[in-house]
Structures are given as C-alpha cells and as structure tokens.
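Enquirer: Sharing a model that was predicted from the sequence below.
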Amino acid sequence: MIKRIFKPKRQSSQVINYVVLTLALLFALGPLVVLGFNSLKSTTEAMANPLGPPREIHLENYPNAWVEGKLSTTARNSAILVAGTVTGVLVLGGLAAFSLSRLDPPGSNLFMLYMLGGSTLPTFLFLVPLYSLWRILGLVDTLFGLVVIYVALNSPFAIFLLRSYMVQIPRDFEDAARVDGASEMQVLTRVILPLAWPGFLTVGLVTALGVWGEFQVALIFVHVPELFPVTTSYWYFTTRYSRDWSLTSAGAVMMIAPVLIFFFSLQRQFIEGLTQGGLKA
C-alpha cells in the first residue's frame, strides 16, 4: 500500500525533472543551432530570417570566412598558446602539488591559503602594473608573454585539484619505490603520475578550453595582427563585417568547433576527474 502511495509522486517528480532538463537543453543548444543556420544562409536571407533554417545552402561562407578572418594564422597562434600553457601548468602545478602533498614543506598550509586568496582576486587588479612590467621586459606583443600570464592564472586551480588527488594516494607505493632506490622525481613520474592521471587530464582540459576562449588579456597584451589568437581576431573580423551575418556566423562556427569536439570527446573523463577531485579535497 505504501509503495502505491509513493509511486505516483516519484513519477511526477521524474516528469518535472525531464521537463526542466529539456528546457535547459533547448536553452543551451538553441543559440548554436541558430548560429549554424545563419552560417549557411546568404547575407540577405540571414537579415530577413535570422532564426529559421536556411532556404538555400551557401557553403562558400566557410572558405570566405576562413580567408577574410585569417583563421589559419590565428588558429595556429591559439594552438601555440594552448600547448604552451597546458604544458607549463601541468609541469609546474604537478611539481607544486607533489611537494605540498608529499614533501610536507614548512608553511604549506599558509601557501595554500595564499593561493586561495590570490585566485579569488579579479585579474583586472593586476593588469596595469603587469602591463608596465611586461613592456619593460619586452614581453608585450609576444606569444611567450601571454603564455606566462596564462600559466600564472591557471596554476592555482591546477595545484588545488592535483594536490587533492595526491593526498589520497597511499604512501605505501612511494615508500616501496624509495626502498628500491627511486628518486623523488622518479616517484612522481612513475608512481604518482599514473595514479593521478584523471586530475592531470581534467586540469589540461579546463586550461585548454579557458585559453582558447580567453579574450580580454590577449586584447590588452597583443596588438600585432599576426599574433592575434582566434578570439581577438574574430572580434576585429566582426567589426569589419558587422552587417554580414552569414560570414561572421561561419567564422564563429569554425572558431568554436574545435572546443566542442575536444570537450565532447573527453566529456566523461572531465566530469569524472572534476567530481573525484572535489570529493577527495
């Protein structure tokens, strides 16, 4: 009797959940679908019918946007920024997390508190003195200067997440490796790294997505068109072709396509790594 009483309530709650999830899905995918529709229309049709599907397919918008937006150059610049930042964050963040979780240096708790406080501060508080310093060092209008800034901005998150993984790894594995004569670097690369790889994968994915879509820091520190990443280049591109919705939509689709492919291909590992890291912290 009790089961019969509570069963309709459970079913009704499930229906509400599905309705909410469906609405959220439509809200998230709706702009992407409209963007894809407009990228296949002519300019006249995109202005006359901005929300509906295209009546005629115009695939030439994509090669035209690729050439006019110089996406071959800007995509390469963004790829360099992503590769350099991910490498720096994983190496430096991994070493810092290993030392904080395993070597127990004095003042480690204060350092983590400092990192937590620093990561909560807005980036704009540091932009004026940072720009002056970068201009003195000759790092303005260089991809290396952007990589250094991106590594600094993403390192606190990497240290927190990787440290939460490494803290939960039993020390017996490391002690056995040290008895066999392994150095601390060998313990990190051969023992800790294989056990904490979901954390490294999550950090790399979050960092890559953030760097690919970063706009404001790149706009301030890079002014040479040949060094623009895809975000700043697309901003200038949309300013030139603000009335050509089909061309700008095609450029936007090509700009976000690598992000969507990369995220959906590693979606499960990303969610598992972020959830496990939060639970272990």
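Expert: Yep, it's here. Keep in mind the model is a prediction, meaning the values are calculated, not measured. Numbering: from 1, shown residues only.
Enquirer: what's the offset of the helix or strand hosting V253 from the middle of its chain?
Expert: Per DSSP states H and E, V253 falls inside helix 245-265. Computed by CA atoms, centre = their mean, to the nearest Å, the chain-centroid distance of helix 245-265 equals 15 Å.
Enquirer: What is the burial count for the closest residue to N61 other than its chain neighbours?
Expert: Nearest residue to N61 in three dimensions, chain neighbours excluded: A250, at 4.0 Å (CB to CB, 6 or more residues apart in numbering). For glycine as for every other residue, the C-beta is placed from the backbone atoms N, C-alpha and C. Neighbourhood size, A250 [other CB atoms under 10 Å]: 28.
Enquirer: Could you do V259 as well?
Expert: By other CB under 10 Å, neighbour count at V259 equals 14.
Enquirer: list the contacts for it?
Expert: Counting by CB atoms under 8 Å, 6 or more residues apart in numbering, V259 touches L209, W212, G213.
Enquirer: So the first one sits against F262, correct?
Expert: Yes. In terms of CB atoms under 8 Å, L209 counts as a neighbour of F262; the distance is 7.4 Å.
Enquirer: for the residue lying closest to T85 once chain neighbours are set aside, phi and psi?
Expert: Leaving aside its sequence neighbours, T85 sits nearest to Y150 (CB to CB, 6+ apart; 4.2 Å). Torsion angles at Y150 (phi, psi; degrees, to the nearest 10) stand at phi -60, psi -40.
Enquirer: How far does stretch 225-245 stretch from one end to the other?
Expert: One end of stretch 225-245 sits 22 Å from the other (CA to CA, to the nearest Å).
Enquirer: Which positions within that stretch qualify as buried?
Expert: 227-234, 237-238, 241, 244-245 (16 or more other CB atoms under 10 Å).
Enquirer: Closest one of these to E174?
Expert: Nearest to E174 among the buried residues of stretch 225-245: P229, at 40.1 Å, using CB to CB.
Enquirer: Could you tell me the model confidence score at the residue nearest the centre of the chain?
Expert: The structure's the chain has its C-alpha centroid closest to L209; by CA atoms, centre = their mean the separation is 2.1 Å. pLDDT for L209: 89.
Enquirer: That one: what secondary structure?
Expert: The three-state label given to L209 by DSSP: H, G, I helix; E, B strand; the rest coil is helix.
Enquirer: what's the nearest residue to it if we skip its chain neighbours?
Expert: What sits nearest to L209 in space, not counting adjacent residues and going by CB to CB, 6+ apart, is V259, at 6.0 Å.
Enquirer: Export the contacts of V259 as a markdown table, with columns for distance to I220.
Expert: Output for these, formatted as a markdown table (distance: CB to CB, whole Å):
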| residue | distance to I220 |
| --- | --- |
| L209 | 21 |
| W212 | 18 |
| G213 | 16 |
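Enquirer: Quick check: of those residues, which lies closest to A48?
Expert: Of all the contacts of V259, A48 sits closest to G213, with 30.7 Å by CB to CB.
Enquirer: Hmm, T231 and the closest one touching each other?
Expert: Yes. Counting by CB under 8 Å, T231 is a contact partner of G213 at 6.3 Å.
Enquirer: quick one: the helices in the stretch 101-250 of the chain?
Expert: Under the criterion DSSP state H, counting those that start in this stretch, the stretch 101-250 of the chain contains helices at 108-120, 124-137, 143-167, 171-179, 184-187, 193-195, 197-212, 216-221, 230-240, 245-265.
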